[in-house]
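1. here is my input; please provide its structure:
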Amino acid sequence: MKYIKAMSGAALFVAILLVTYVAYINLMRVDVVFYASIASALIAVGIFGIALFGLRFFAAFTVFEKTQQLVICGLVGYVFAISAPTVIDRSLSFYILEKLQQRGGGIQLAKFDHVFKVEYMREHRLLDIRLTEQAESGTLVIEGGCVKLTERGERLASFSRFFRKFLLPKKRLIRGEYTDQLVDPFSASEAAPDYACK
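-> Predicted coordinates for the structure are as follows:
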């Protein structure tokens, strides 16, 4: 009987999560999609917690079991926040699929450079969105026409470079060839143009 109630609770949480997410993104101002998704997941966990501890339907569970269910629901909410809205919002892979669909199902391979550099950047306001998210996250500031790393941004960039260099695949398939090019993408960079902040 507990198993059925646990499954019912899981279904209830998923329903609360989806309703909370839809309400949040439609009623609240959103600075960063990931943070909004996490906030809606936390609200859903809170609502489910009230139901879990308040409804007689869940009385068969001990406090420990209820706490475990809340932790699991929190993890499910986190997975949802990363795997659905955040991925779809940021994903070049999904954009390619959507762009192919928009253009009748096919685009010449030679034209993808144009699609990415011109259409993707403009249609998704890619630069504006990423700068906004980073500024709201406290990793950069924009002052006097100059974009600068904060201390937090410096730490994250160092972590990212370390992870990329030592913990990303060394033999990654890219257009039919296995390469380690993306573990140090700056190795192929051109000499720095004159765009550094004075």
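
2. ok, now which ones touch residue 178?
-> Contact criterion CB atoms under 8 Å, 6 or more residues apart in numbering gives 171, 172 as the residues in contact with residue 178. Any C-beta I mention is one placed from the backbone N, CA and C, and that applies to glycine too.

3. in this structure, which segments are predicted with low confidence?
-> Flagging of the chain using pLDDT under 70 yields the residue ranges 192.

4. the strands in it, which residues?
-> When secondary structure is read from DSSP state E, the chain shows strands at 140-143, 146-149, 172-174, 177-179.

5. redo those strands as JSON lines? Include distance to residue 196.
-> Below are those laid out as JSON lines (distance: least, CB to CB, whole Å):
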{"stretch": "strand 140-143", "distance to residue 196": "14"}
{"stretch": "strand 146-149", "distance to residue 196": "9"}
{"stretch": "strand 172-174", "distance to residue 196": "30"}
{"stretch": "strand 177-179", "distance to residue 196": "29"}
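
6. ok, residue 188 - how many residues close by?
-> Neighbour count for residue 188, taken as other CB atoms under 10 Å: 7.

7. who's in contact with the closest residue to it other than its chain neighbours?
-> On the basis of CB to CB, 6 or more residues apart in numbering, the spatially nearest residue to residue 188 that is not a chain neighbour turns out to be residue 181, at 7.1 Å. Counting by CB under 8 Å, 6+ apart, residue 181 touches 172, 174, 187, 188.

8. measure the last one to residue 168 for me?
-> The gap separating residue 188 from residue 168 is 16 Å, by CB to CB, to the nearest Å.

9. helices of this structure, residue ranges please.
-> Listed in chain order, the helices of the chain (DSSP state H) span residues 2-27, 33-54, 63-81, 87-90, 92-102, 112-114, 121-123, 126-137, 151-167.

10. which residues does the residue nearest to residue 48 when sequence neighbours are not counted contact?
-> Closest residue in space to residue 48, ignoring its immediate chain neighbours: residue 13 at 4.7 Å, by CB to CB, 6+ apart. Shown here is residue 13, whose contacts under the criterion CB under 8 Å, 6+ apart are 44, 45, 48, 73, 76.
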